[in-house]
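S.K.: give me coordinates for this.
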Amino acid sequence: MAEAKKKRKFSFRKLVYNDRYLIACSIIAAIVIWVATSMNLSPNTTKTITVPVKIDFSDTLAEQLGIEYYGQRDLTVDVKISCKKYLAKDINEESINAFLQTSNVTSTGYLSVPIRVSPVDDDAEFSIDSWYPTSAQGYFDVAQKETMPLTLNFTNDSFAADGYVVGDVAVNPNTVVVSGPRTSMENVDKVIADITLETGLTESQRVDLKPKAVDKDGKTVDNISFDIPEGENFVATIPILKVQNLKPSVSFVSGPDNAPDFLNIDYSVDSVQVGALESAKMETLNLGNVSFADLNLGENVFEFDTGKISGIKVLDGTEKITVTITVPEDYATKYLEVYKRDIHPELDDFNVEITGISTNSVKIAANKNIIDTIDKSSLSFSLTPLDGTDTIDEKTKTCRLSIIVNSKSESWVIGNYTVNVNVTPKEN
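M.R.: Below is the predicted model:
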């Protein structure tokens, strides 16, 4: 046993005289020596790198004075470096820091400011030999910002086809935030966007706008920029309207559907010349709504402002239209008593308690032949919020009380009524 252990004992002499071991050691040593020699003896080379120049006023007097740079923003500098040849391919613009030495800016005007260049890493294995340009010229001034309206400048006025007119142009957004140096902003008279359209148009147009600031002579003011949120742009919608002669009409609400069958309706004009979208296929000019709640016996007069009618442009100068609605002489009125307990609104999620009513006397209008058949059971009630919201909830305190006469044609409720409410959630 002792003899076997003796045979397995390590022998350095045998290892030294082992050919395979010596060959492996020689190869490894040769590689190490070759790498070390290559790194130490590698020739130097030069390389030119284009580097963007940073413009930063942080922690400078210029920042305290509100001064900014107005010039070429995408400044670059060509930097010549020296380094070992084997390192050259790994050195790029991210390895070098180039910046405008804004600490030198202490006043406004056209200035030449040095450009400074240095390695990003203090232990960088390259040196900077030179760079060009060594300075940047630009205008430095106190920054100003102002919101101004955007005005359209049509380069050709006659672009609608015969029989068509241009409607009210909509610009969205219609104001723009203008930024620039104080001396330039003082020269800005307005912000415009030029528009050139084809002639003979019969359809509305949507145009992307490019705003520009101009002075009183219409010349573009330099060094002006516009604050436009990313992903947004200025758009003009230009309606092209077909010229039409339309008879006026009104719509009736809160009462019978067949109002024109039993009411005498008279308009102050027979027709109005307007421009309207051809796609709207308008047959009459609807002036607006007339509520039966406002119709008393006899003659009722309503006046409508044509300037408030959307989708049209009045061409013949008609500004007001008077509508006279006469309830026939064979109609009568009577009063019905209505109390809080008669109103039972049903909501899915809330309980509604009527705590007050504007009046207990409801005025009914109907043909004399049927008015005696109308009683409280003929009425149905509904509530709508008085504050302009869409739904009734716990915040609702007052509602408009709508009253309809059921199953009685040519009859309605005159007047406007309100109720006070207490709204609470229903228990699940």
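S.K.: Asp194: helix or strand, and which one exactly?
M.R.: strand 190-195 (DSSP states H and E).
S.K.: that strand - what's its average pLDDT?
M.R.: Mean per-residue pLDDT for strand 190-195: 96.
S.K.: next one: stretch 93-101
M.R.: Across stretch 93-101, the average pLDDT comes to 92.
S.K.: now the helices for the stretch 101-250 of the chain?
M.R.: Remark: helices assigned in the stretch 101-250 of the chain by DSSP state H, counting those that start in this stretch are 182-185.
S.K.: that one: strands as residue ranges?
M.R.: With DSSP state E, counting those that start in this stretch as the criterion, the stretch 101-250 of the chain has strands at 109-119, 126-132, 135-154, 164-166, 170-172, 175-181, 190-195, 205-209, 212-214, 225-227, 234-238, 240-253.
S.K.: show me what counts as buried in the longest one.
M.R.: When neighbours are counted by 16 or more other CB atoms under 10 Å, the buried residues of strand 135-154 are found to be 136, 138-141, 144, 148, 150, 154. Using the backbone N, CA and C atoms, a C-beta is placed for each residue, glycine as well.
S.K.: mind giving me the packing neighbours of it?
M.R.: If contacts are counted by 3 or more CB pairs under 8 Å, 6 or more residues apart in numbering; DSSP states H and E, strand 135-154 sits against strand 67-70, strand 109-119, strand 175-181, helix 182-185, strand 190-195.
S.K.: about what we covered before: how about the strands of the stretch 101-250 of the chain in JSON lines, adding distance to Gly275?
M.R.: Formatted as JSON lines, those follow (distance: least, CB to CB, whole Å):
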{"stretch": "strand 109-119", "distance to Gly275": "53"}
{"stretch": "strand 126-132", "distance to Gly275": "63"}
{"stretch": "strand 135-154", "distance to Gly275": "17"}
{"stretch": "strand 164-166", "distance to Gly275": "4"}
{"stretch": "strand 170-172", "distance to Gly275": "15"}
{"stretch": "strand 175-181", "distance to Gly275": "27"}
{"stretch": "strand 190-195", "distance to Gly275": "19"}
{"stretch": "strand 205-209", "distance to Gly275": "15"}
{"stretch": "strand 212-214", "distance to Gly275": "30"}
{"stretch": "strand 225-227", "distance to Gly275": "33"}
{"stretch": "strand 234-238", "distance to Gly275": "12"}
{"stretch": "strand 240-253", "distance to Gly275": "3"}
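S.K.: among those strands, which is nearest Gln64?
M.R.: strand 135-154 (11.2 Å; CB to CB).
S.K.: partner strands of the closest one, with direction?
M.R.: For strand 135-154, the pairing partners within the sheet under DSSP bridges are strand 67-70 (antiparallel), strand 109-119 (antiparallel), strand 175-181 (antiparallel), strand 190-195 (parallel).
S.K.: sounds good, over and out.
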